[in-house]
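> Quick one, structure for this:
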Amino acid sequence: MTVHLRQLRPQPSTLDAQARTVEAIVSTGADAPRPGFIERLDLAGCDVSRLVGAPVLDAHRAASTADQLGVIEAAELRPEGLWVKMRFRSNEAARSVLSDIGDGTLRGLSIGYHVADWQDTREGDHRIRTAISWTPIEVSIVPVPADPGAHFRAGEQNMPEDQIEEAITEAAAPEGRMTEALGASVVATIAAAAGLDRAWTEAQVAEGAPAEEVRARALDAVRTRSAQPRTIRAQIGMDHTDPAMIATRAGEALYARMHPEHRLSAPAREFAHMSVLDHARASLLRSGRSVTGISADQVITRALHTTSDFPLILGDQVGRELRRSYEEAPSGARQLARQGTIRDFRPKRSLMLGEAPMLEAVGEGGEFRHGTFAESQEHYSLATFGKIFAISRQAMINDDLDAFSAIPARLGAAARAFEAAQLVTKIITNPVMSDGVTMFHASHGNTKAPTATIKEDLSAARLAMRKQTGLSGGLIDVTPRYVLAPPELETALEQELSEIQANRTSDTNPFSNLSLIIEPRLTSATTWYVVADPAKVDGLEYSYLEGAPGPQLDTKVGFEVDGVQMKVRLDFGSGWLDHRGWFRVG
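Okay, the predicted model is just below:
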């Protein structure tokens, strides 16, 4: 629905830069498409009691005080919609937004609200959900608007057009061409009477047109503006009863009960200290179902098997626990591999170019010769791994927090351990590369038998890596950065790599810049590796399916299992890209 402002005289603007206030229509009750239905706001059912004093936010963000741009000073229902008067803060960010509103470059508005009662109807093939009792709780300035009708208001002026012309004529009293100082003053007065912006004023001053001509242009601008409908659009945006939003906030609160050190975000605080049963009961109430006189068992069962958001809340909490344990698990060999992504399950082919060809001298009048790059190609693909586990109805009734934390925590750590095991397998199995030679091979110049001392082996490995040549035969000077070893060699290698506070040059340790990484999954007690920085030299790589890094969680209400079933899925693959960044001793 478009609101036409023909009868509204936009002079002056309701924006008061000095007071930092502006008026707006923030809702007209227009339709908003939602998944599976169309949402409609009945303005007659709007409770504006909480809106006065409510925050003006930056795009619905409420993570910190920096996200609040101002407050609502006044609010009321008017024939054209829900009207508010906003006062902006005095900080630089709020002033910048207010300036953009005044320039007309920022016009989007959105409201956040709670819905107490819905009315469900149908219009043709469309399901309509009308909020017949709802409470707006915040207004946001947004960059992408959607609801036609909400807009920043222009000041309403009941003065008829002939009086406007008279005011402009009086302002244009000087005759002839104006001096710069006089012209700026007169043009500014005309612009104020006509409600025209600074750009228009500056253009007239720069041109130095006669006062009469400036007057005519101002009147033309007023008539043109009055003849055209103004259709500034804005978004009726964030429904604070959206199941996905509720799940995120309530899931965070449930997670915080298991991890008291976690600092709750502001939106999640309303769910703080709620038990699992409390969440189930609140979910039923949000979906319009009564919980009066029913047992804890019935509350849990109904919350699981109705359209409530209860399973989503449990899934969010378990997902947080899974990600935390996954990210905190020891890395081992994973630190020495580079992460990538793959779009699908077809083999990922990594094309490696050789070193750039050497520049050649070009004689006078001679031709430049074409250079070529040598190429090599390795490939690997993704595979899917996973597990299903369940949280029982009994655990929910008992508010058993261990069931919600211990199981996903172990699965998260297991997922990280699985990735590490896959990478170690690639290392110790020594697969055949695209050139028909195994990864670690004498012809690759990246392996040797151990000698009597680790120091000699480190020196030989470093020299061999420095002497590595590219596909075209040129030196590429690989720099060692890490040492990967089994636990049996940890003490001996620590002694060789430790930094010494030397008083003489001969006492310095030339290998103190190497970092030691211990990997308990390495099966040989005498084999270890010197590795270059994976960010600089191709070597071992692992990838996830694009858009799904790490373990992913799916939630389903159980039927065979009395509770909630959760599936952990990991799309993962790994492989070697090049042999030059690794050296094996053993």
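> just checking, Leu254 is part of a strand?
No. Per DSSP: H, G, I helix; E, B strand; the rest coil, Leu254 lies outside any strand segment and is helix.
> Give me the neighbour count for the closest residue to it other than its chain neighbours.
The spatial neighbour of Leu254 that comes closest, neighbours along the chain excluded (Cβ to Cβ, 6 or more residues apart in numbering), is Gln317 at 4.2 Å. For every residue, glycine as well, the C-beta is placed using N, CA and C. When neighbours are counted by other Cβ atoms under 10 Å, Gln317 registers 26.
> what's Gln317 in contact with, if anything?
251-252, 254-255, 404 (Cβ atoms under 8 Å, 6 or more residues apart in numbering).
> Just say helix, strand or coil for it.
Three-state assignment for Gln317 (three-state DSSP): helix.
> Need the pLDDT of it.
Looking at Gln317, its pLDDT is 85.
> How about Val432?
You'll see Val432 listed with a pLDDT of 92.
> need the contact list for it.
438-439.
> Could you measure from it over to Thr438?
5 Å (Cβ to Cβ, to the nearest Å).
> about what we covered before: highest neighbour count among the contacts of Gln317?
Of the contacts of Gln317, with other Cβ under 10 Å as the count, Leu254 tops at 27 neighbours.
> and which of the contacts of Gln317 is nearest to Val142?
Glu252 (23.5 Å; Cβ to Cβ).
> What secondary structure category should be reported for Gln339?
Going by three-state DSSP: Gln339 is strand.
> Run a quick neighbour tally on it.
Gln339 has 11 nearby residues by other Cβ under 10 Å.
> Grab the nearest non-local neighbour of it.
Tyr542 (6.2 Å).
> which phi and psi does that neighbour have?
With angles defined as degrees, to the nearest 10, Tyr542 sits at phi -130, psi 150.
> ok, now which ones touch it?
By Cβ under 8 Å, 6+ apart, the neighbours of Tyr542 are 334, 337-340, 419, 422-423, 572-574.
> list the contacts for the nearest residue to Ala535 once chain neighbours are set aside?
Nearest non-adjacent residue to Ala535, counting by Cβ to Cβ, 6+ apart: Arg338, 6.8 Å away. Contacts here follow Cβ under 8 Å, 6+ apart; on that basis Arg338 touches 534-535, 538-542.
> which one is Pro551 nearest to, not counting chain neighbours?
Ala415 (4.3 Å).
> I'd assumed that neighbour was in a helix, is it?
Yes. The assignment for Ala415 (three-state DSSP) places it in a helix.
> Write the PyMOL selection for whichever of the contacts of Arg338 are buried.
Per 16 or more other Cβ atoms under 10 Å, the buried members of these correspond to this PyMOL selection:
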select buried, resi 534+538+539+540+541+542
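> ok, the contacts of Arg338 vs Ala66, which is closest?
Ala535 (33.4 Å).
> Would you map the helices across the stretch 301-450 of the chain?
Using DSSP state H, counting those that start in this stretch, the helices of the stretch 301-450 of the chain run over residues 310-328, 393-397, 401-429.
> How about the second one, which residues are buried there?
Residues of helix 393-397 classed as buried: 393, 395-397 (neighbour count, 16+ other Cβ under 10 Å).
> Repeat that for stretch 541-559.
Here stretch 541-559 shows 541-545, 550-553, 555, 557-558 as buried, counting by 16+ other Cβ under 10 Å.
> Which stretches in the stretch 151-300 of the chain count as helices?
Under DSSP H, counting those that start in this stretch, the stretch 151-300 of the chain gives helices at 161-171, 180-194, 198-207, 211-227, 243-258, 276-286, 296-305.
> So which of these is nearest Ala461?
helix 243-258 (45.9 Å).
> Export only the CA atoms of that closest one, formatted as PDB.
What follows is helix 243-258, C-alpha atoms only, in PDB (Å, rounded to 0.1, in the frame of the first residue of the first chain):
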ATOM      1  CA  PRO A 243      10.900 -19.500  15.700                       C
ATOM      2  CA  ALA A 244      14.400 -19.300  14.400                       C
ATOM      3  CA  MET A 245      15.100 -16.100  16.500                       C
ATOM      4  CA  ILE A 246      13.600 -17.600  19.600                       C
ATOM      5  CA  ALA A 247      15.700 -20.800  19.100                       C
ATOM      6  CA  THR A 248      18.900 -18.800  18.900                       C
ATOM      7  CA  ARG A 249      18.200 -16.800  22.000                       C
ATOM      8  CA  ALA A 250      16.700 -19.600  24.100                       C
ATOM      9  CA  GLY A 251      19.400 -22.000  22.900                       C
ATOM     10  CA  GLU A 252      22.100 -19.600  24.100                       C
ATOM     11  CA  ALA A 253      20.400 -19.300  27.500                       C
ATOM     12  CA  LEU A 254      20.300 -23.100  27.900                       C
ATOM     13  CA  TYR A 255      24.000 -23.300  26.800                       C
ATOM     14  CA  ALA A 256      24.900 -20.700  29.400                       C
ATOM     15  CA  ARG A 257      23.300 -22.800  32.200                       C
ATOM     16  CA  MET A 258      25.900 -25.500  31.400                       C
END
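> Quick one: list the elements packing against it.
Applying 3 or more Cβ pairs under 8 Å, 6 or more residues apart in numbering; DSSP states H and E, one finds that helix 243-258 contacts helix 276-286, helix 310-328, helix 401-429.
> Dump the ones you listed into JSON lines; add distance to Ile518 as well.
Output for these, formatted as JSON lines (distance: least, Cβ to Cβ, whole Å):
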{"stretch": "helix 276-286", "distance to Ile518": "40"}
{"stretch": "helix 310-328", "distance to Ile518": "18"}
{"stretch": "helix 401-429", "distance to Ile518": "12"}
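> quick revisit: of all the helices of the stretch 301-450 of the chain, which one comes closest to Ala24?
helix 310-328 (33.4 Å).
> His114 reaches Trp134, doesn't it?
Yes. Counting by Cβ atoms under 8 Å, His114 sits close enough to Trp134 to count as a contact (6.6 Å).
> Between those two, which is the more surrounded one?
Trp134 (24 against 16).
> list the contacts for the more buried one?
41-42, 45-47, 113-117.
> Type out the PyMOL command that picks the buried ones from those.
Buried residues among the contacts of Trp134 (16+ other Cβ under 10 Å), as a PyMOL selection:
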select buried, resi 41+45+46+113+114+115
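> hmm, which two among the contacts of Trp134 are most spread apart?
With distances taken as Cβ to Cβ, the most widely separated pair in the contacts of Trp134 is Asp42 and His114, at 14.3 Å.
> that older thread, and the buried residues of stretch 541-559, which is closest to Glu138?
Set against Glu138, the nearest of these by Cβ to Cβ is Thr555 (29.6 Å).
> For the closest one, give the beta-bridge partners.
With DSSP bridges as the criterion, Thr555 is bridged to Met566.
> dump the residue contacts of it.
Contacts of Thr555 (Cβ under 8 Å, 6+ apart): 311-312, 314-315, 318, 564-567.
> can I get those residues in TSV with distance to Val478?
Converted to TSV, the contacts of Thr555 look like this (distance: Cβ to Cβ, whole Å):
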residue	distance to Val478
Pro311	52
Leu312	50
Leu314	50
Gly315	46
Val318	44
Val564	51
Gln565	49
Met566	45
Lys567	43
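> Weed out the non-buried ones from the residues you listed.
Members of the contacts of Thr555 classed as buried by 16+ other Cβ under 10 Å are 311-312, 314-315, 318, 564-566.
> ok, which pair from the residues you listed is furthest apart?
Greatest spacing in these, by Cβ to Cβ: Leu312 and Gln565 (14.0 Å).
> circling back: out of the contacts of Gln317, which one sits closest to Ala266?
Nearest member of the contacts of Gln317 to Ala266, counting by Cβ to Cβ, is Glu252, at 10.8 Å.
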